[in-house]
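predicted model and sequence below, questions to follow.
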Amino acid sequence: MDTSNKRLIQRLMSRIPIKMLRTTLGKWGRLTEVQLKSMNLTQSKWALTEKLIAICEENELEVKHLTELEMIYIIDNPNQGMWHTFQLMDPEDDAQSVELTQFKEQFKSHIRELVRQVSVKMKKHTDEAVWIRIAWGDAFSRPNHLKPTYVVHHLQTPYVFVTSLTAKQKPLLSQALVLSTRHQAIKDANLSGRKLTAIRDLMMRQYQQVFPTKYPSPLTEHNPTVSNPHIGREQAEPAANRLQMACEAFGGGMLPQLQSAVYKLETKFRDQTNKTMTEREEPFKCVVKFASTNLLESLRNCASSGIASTPVTPLLSSIPLKGRNYFVITDNGPGPSSKTDQPQN
Amino acid sequence: MPPGADTPEMERHQNSVTRTPLNSVVVQRRSKSKSYRLSYRSCLGATSRLCFTPALTARRLNTSRRAPKSHNITEKVNPEKLALLVKTEWQLSYVSPLYQFRHTQLKSYSRQLSAFIAAEKQQGLAVEVEGPQKTFRVSFSLVQGMAESDDDAETVLIQIHSKPLFARQDEPQRPVWSGWLTCINGNPDYLRSLPKDFICLPLFGSSGAEALTTLVKSWFQQFFDCCFGPLEISHTCLQWLMALWTNCHTESSIQHLKMIWTLPVVPPLQVTYTVNSEDAWELWSSVRKEKEKENKAGEMAKDEEENSIDIEEVTGFMQGLKSHFYRHFRLDLSAGSLDQVSTALGSAKYKGRIKISNSRYMITTLTLLTECALLKMPI
């Protein structure tokens, strides 16, 4: 076994937590029952790594087997690294009929036409998602298996989720994807986050949405803080209204875990108390970033607690509504309050 | 010594016929430092009688300060020393006046603090991560030329050098900790009211291992009978820094004006608001112009006042930034807390961390922080 393979095993072993090791290796199925039992999990990571290297040598396992193990682990633990979303545009007539085998063949052949040294591995996950692992090389070097790109695509949907992609690799992947899914173009969907499941749920609207009703039934508040019954009664109605509007804007129940949203504002400064700035022609340029462990829940809480005024501004409700977390905001036309968000590209 | 001084030591010794001289010194010191703390409050109270709310302003920051002038501080202060102070993030503390601190004794202080650290390490009380073999070399030095007024005591820089644990014999010692004590434009009435045995260097900055900071502080406490306390940079003070830095933009670009807010929701929401430097400066100068107009109307514009910045302008600037934010997000930043502000000239955090990136505006920043430290000192 050469050094690059040993390094790949070391890298993998450092990523997989001890408590997940046995199940991951079991799923991999490249170790005999005896070999699997011989991996004593009370040993140190270092000792286990040496042991695994020895077993791999004994079983004559190669790179393709090791990358298989990596994929099994990544598919089970996708919430690592930064995931970016792309959207396929203008489907051809036969786009809907692309099935897995065809897509696999097409993608591999297209990407190999673009890059000579590339290693592609694909796996269909149980939830219909196709996982693609790409190790890139160039004219002078063999594919680098230590820095692979991962792509997740649900066939027959326009969404593609990608992690660890460099600017140089982006056009190559885009072209291969467009051709093999029978679309004409692909664009940045301006949504990114650390949790693949969250951005996928947001993109595919897989979270509990709340719709406006004519006679709003007040949603139950989780932890009522008002103690005085008189004050409580007086505040109950507006509070219920705020909660209703907050849930309409951001959704009810558990919300997809998004970490941040960025707004690039290039709008005019308008403030009645400041004439000089209001009369100024140029836009006031600033960048606002919202960050939280669960951004949508924070924003919903802002609206329901009254820190944010209700109804919620379209700027914030656009995050779940449009499934985006990067916006460029400019003034649109001469209207006093009309503003739109335009995609960055 | 006043009879019946109200310190616990006195009560304990009241019945004993003989008193050791040491004890009486301690008592005398205590009562003295107490009287200065009182005098600090009363001298501020006296000036504030001109205002409408004397009781409140006595414990507040100045509501007006001179616009920062670019100091060519490199002409006054040794550039090598200056380089040690800028571009490092310092954790701030306040220090009460030092009893019998002498700027002429720095060499002996260096030896004593080295010995103190060595002794503490051997007791195993301090950091155990580092081996017992590790030696620390302490050096005290003066940073001459930093003081602005005649009443300010000269700034003192402390550096601790050490060798890494597994270093070779011939490897030179490297700086592992540094700190300084300073007083820039300290309240002259207060400084003059101190008796000559006390030196007031109320602002302490440190950078390096926490354990060493603790040791240095406890050495100062033992040798100069002073006390240290954490110095947070308050919301008002952060706003002042924003305004003072932005005011420098035409001379030295601020690159950007960045504020970080935390909103008290579940889970906490952090808002980073970064404003383009030109736009921040235009908003600031528009707020300044409004004030000039008012001044002219009231025929108040005197030469000295033109160059001063008032708290109204500072809050007006912040109000402008907040209203622009609210207009877009309908979210009230006032509900949250301002945690951090930064520009290319420096950064400041509520937790008491400051970084000064441009030495030309160092004096302005340190003047404000000296004032904060004096205010924070227990009365």
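That came through fine.

ok so residue A:329 is a strand residue?
Yes: under the criterion used here (DSSP: H, G, I helix; E, B strand; the rest coil), residue A:329 sits inside a strand.

is it bridged to anything, and to what?
Judged by DSSP bridges, the bridge partners of residue A:329 are residue A:265, residue A:341.

is it true that it touches residue A:315?
Yes: if you go by Cβ atoms under 8 Å, residue A:329 and residue A:315 touch, sitting 6.9 Å apart. Heads up, the C-betas are built off the backbone N, CA and C, glycines and all.

return the residues of the stretch 151-300 of chain A in contact with chain B.
For the stretch 151-300 of chain A, the contact set with chain B under Cβ under 8 Å from any Cβ of the partner chain comprises A:263, A:265, A:267, A:269-271, A:273-274, A:276-277, A:280, A:282, A:284-295, A:297-299.

can you turn the buried part of the residues you listed into a ChimeraX selection?
Buried residues among these (16 or more other Cβ atoms under 10 Å in any protein chain shown), as a ChimeraX selection:
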select /A:263,265,267,269,270,271,274,277,280,284,285,286,287,288,289,290,291,292,294,295,297,298,299
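
and the pLDDT for the residue nearest to residue B:346 when sequence neighbours are not counted?
Counting by Cβ to Cβ, 6 or more residues apart in numbering or on different chains, residue B:356 is the residue found nearest to residue B:346 once chain neighbours are left out, at 4.5 Å. We have a pLDDT of 94 for residue B:356.

if I look at residue B:356, how far off is residue B:158?
To residue B:158, residue B:356 is 18 Å away according to Cβ to Cβ, to the nearest Å.

what's the answer for residue A:42, then?
Relative to residue B:158, and taking Cβ to Cβ, residue A:42 is found at 49 Å.

next one: residue A:81
Taking Cβ to Cβ, one finds residue A:81 at 44 Å from residue B:158.

what's the helix or strand containing residue B:140 packed up against?
Per DSSP states H and E, residue B:140 falls inside strand B:136-143. Secondary-structure packing of strand B:136-143 (3 or more Cβ pairs under 8 Å, 6 or more residues apart in numbering or on different chains; DSSP states H and E): helix B:79-85, helix B:106-122, strand B:155-162, strand B:174-182.

report the buried residues of the first one.
Taking 16+ other Cβ under 10 Å as the basis for neighbour counts, the residues of helix B:79-85 that come out buried are B:81-82, B:84-85.

sheet partners, orientation included, of the helix or strand following that helix?
Using DSSP H and E, the helix or strand that follows helix B:79-85 towards the C-terminus is strand B:89-95. The strands beside strand B:89-95 in its sheet (DSSP bridges) come out as strand B:203-208 (antiparallel), strand B:228-230 (antiparallel), strand B:353-356 (antiparallel).

beyond the longest one, next helix or strand please.
Proceeding N to C from strand B:203-208, the next assigned helix or strand is helix B:210-224, under DSSP H and E.

report the angle between that following helix and strand B:89-95.
30 degrees (axes from the mean of the first three to the mean of the last three Cα atoms, to 10 degrees).

what does helix B:210-224 contact?
B:91, B:93, B:95, B:98-101, B:109, B:112-113, B:116-117, B:120, B:126-127, B:136, B:158, B:160, B:176-177, B:179, B:204, B:206, B:226-228 (Cβ atoms under 8 Å, 6 or more residues apart in numbering or on different chains).

out of those residues, which are buried?
The neighbour-count criterion (16+ other Cβ under 10 Å) marks B:91, B:93, B:95, B:98-99, B:101, B:109, B:113, B:116-117, B:120, B:126, B:136, B:158, B:160, B:176-177, B:179, B:204, B:206, B:226, B:228 among the contacts of helix B:210-224 as buried.

buried stuff in stretch B:363-379?
So for stretch B:363-379, counting by 16+ other Cβ under 10 Å, buried means B:363-377.

report the contact partners of residue A:10.
Contact analysis of residue A:10 by Cβ under 8 Å, 6+ apart lists residue A:49.

now do 10 Å
If you count contacts by Cβ atoms under 10 Å, 6 or more residues apart in numbering or on different chains, residue A:10 has them with A:45-46, A:49-50, A:52-53, A:146.

that one - that's part of a strand, no?
No: checked against three-state DSSP, residue A:10 lies outside a strand; its state is helix.

and it, how far from chain B?
25 Å (Cβ to the nearest Cβ, to the nearest Å).

take the residues of the stretch 151-300 of chain A next to chain B and keep only those in strands.
A:263, A:265, A:267, A:284-291 (DSSP state E).

quick one on the thing from earlier: out of the helices and strands packed on strand B:136-143, which comes closest to residue A:139?
strand B:174-182 (44.4 Å; Cβ to Cβ).

can you list the strands that that closest one pairs with?
strand B:155-162 (antiparallel), strand B:203-208 (antiparallel).

would you mind giving those as TSV with mean pLDDT added?
Supplementary listing: the strands paired with strand B:174-182 in TSV, determined by pLDDT from 0 to 100:
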stretch	mean pLDDT
strand B:155-162	94
strand B:203-208	96
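
which of the ones you listed sits most buried?
Counting by mean count of other Cβ atoms under 10 Å in any protein chain shown, strand B:203-208 has the highest mean neighbour count of the strands paired with strand B:174-182, with a mean of 22.

with just CA atoms, put stretch B:358-371 into CSV.
What follows is stretch B:358-371, C-alpha atoms only, in CSV (Å, rounded to 0.1, in the frame of the first residue of the first chain):
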residue,chain,number,x,y,z
ASN,B,358,-2.9,53.4,14.0
SER,B,359,-0.6,55.1,16.5
ARG,B,360,-1.6,58.5,15.3
TYR,B,361,-5.0,58.3,17.0
MET,B,362,-3.7,56.4,20.0
ILE,B,363,-3.8,59.3,22.4
THR,B,364,-7.5,60.0,21.7
THR,B,365,-8.5,56.5,22.4
LEU,B,366,-6.4,56.2,25.5
THR,B,367,-7.8,59.5,26.8
LEU,B,368,-11.3,58.1,26.6
LEU,B,369,-10.2,54.8,28.2
THR,B,370,-8.3,56.6,31.0
GLU,B,371,-11.5,58.4,31.8
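
tell me the domain ranges of chain A?
The record's domain parsing of chain A by automatic domain parsing lists A:3-76, A:83-203, A:229-342.

weakest of these by average pLDDT?
domain A:229-342 (a mean of 86).

show me what counts as buried in stretch A:179-198.
Applying 16+ other Cβ under 10 Å to stretch A:179-198 flags A:179-183, A:186, A:188-196, A:198 as buried.

what's the separation between the closest residue to chain A within the stretch 1-150 of chain B and residue B:182?
Nearest residue of the stretch 1-150 of chain B to chain A: residue B:67, at 19.0 Å (Cβ to the nearest Cβ). To residue B:182, residue B:67 is 22 Å away according to Cβ to Cβ.

neighbour count for the two, which is higher?
Set side by side, residue B:67 and residue B:182 show more neighbours around residue B:182, with 25 against 14, by other Cβ atoms under 10 Å in any protein chain shown.
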